[in-house]
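S.K.: any chance you can model this:
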Amino acid sequence: MDRASTRMALSVAMAAQRHGYLASGQWPDVAVALLLEGNEDPEIAELAGLNGQSTGWDTAPLVAAVCERLGVSSPGAGESADLVARLMADELRARPASVTAPMIRLLARLAPLDFESDLANRCYGAAEYLDCGCARVDSDLEAESRLLPTLSLPASVVQVLAWPLRSTLPTVQPPLGH
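M.R.: Residues are numbered from 1 along each chain as shown. I've put the predicted structure just below:
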């Protein structure tokens, strides 16, 4: 895994953490995925050695050290929503969901924390009507969100970063109704 991909993966992970979709105890999983893709960074290796019960006291210094060395800064509000949206678009291109409008469902969850994201706010407004059948949801919004540019990260890294948000999707199509 090259330096640019590692930097992107760390930025996406910090964006997911900002939105509450990456807990401190999930950093070891991210680090393992990076190691399996050939990253040999010592802090990444140390992170990978931690367990799922790790707290921010354990992970934050290691994440900060690797980010400082690689020049990765914490993404701002608008950029965070964009990175998470691109992550989920990559995830759904690789592993399609079985429900209607999965991108709208996922991106709507970002809006309450990030009203600076136009796309997240539009999805938030549309998500309320996905399963009621009383209004037509703009299909262009779903298509637009699915066509976001790829992050160009390895599939294993995308999957581990996307899992916390992906797990919020229904596994079957919800019935129509209020």
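
S.K.: quick one: neighbours of the residue lying closest to residue 138 once chain neighbours are set aside, just the number.
M.R.: Distances taken as CB to CB, 6 or more residues apart in numbering put residue 126 closest to residue 138, at 6.3 Å, once the chain neighbours are dropped. Every residue, glycine included, has its C-beta placed from N, CA and C. Using other CB atoms under 10 Å, the number of residues around residue 126 comes to 20.

S.K.: and if you look at residue 55?
M.R.: 11.

S.K.: I'd say it and residue 27 touch.
M.R.: No - between residue 55 and residue 27 there is no contact under CB atoms under 8 Å: 10.2 Å.

S.K.: got any ranges where this structure has weak pLDDT?
M.R.: 111-116, 133-136, 177-178 (pLDDT under 70).

S.K.: and if we set it to 50?
M.R.: For the chain, no stretch is flagged by pLDDT under 50.

S.K.: so what's the gap between the helix ranked longest in it and the chain middle?
M.R.: Taking DSSP state H as the criterion, the chain has its longest helix at helix 77-94. Here the centre of helix 77-94 is set off from its chain's centre by 6 Å, with CA atoms, centre = their mean, to the nearest Å.

S.K.: what's it in contact with?
M.R.: For helix 77-94, contacts defined as CB atoms under 8 Å, 6 or more residues apart in numbering pick out 11-12, 14-16, 18-19, 21, 75, 102-103, 106-107, 110, 114, 116-117, 119-120, 145-151, 153, 155, 158-159, 161-162, 165-166.
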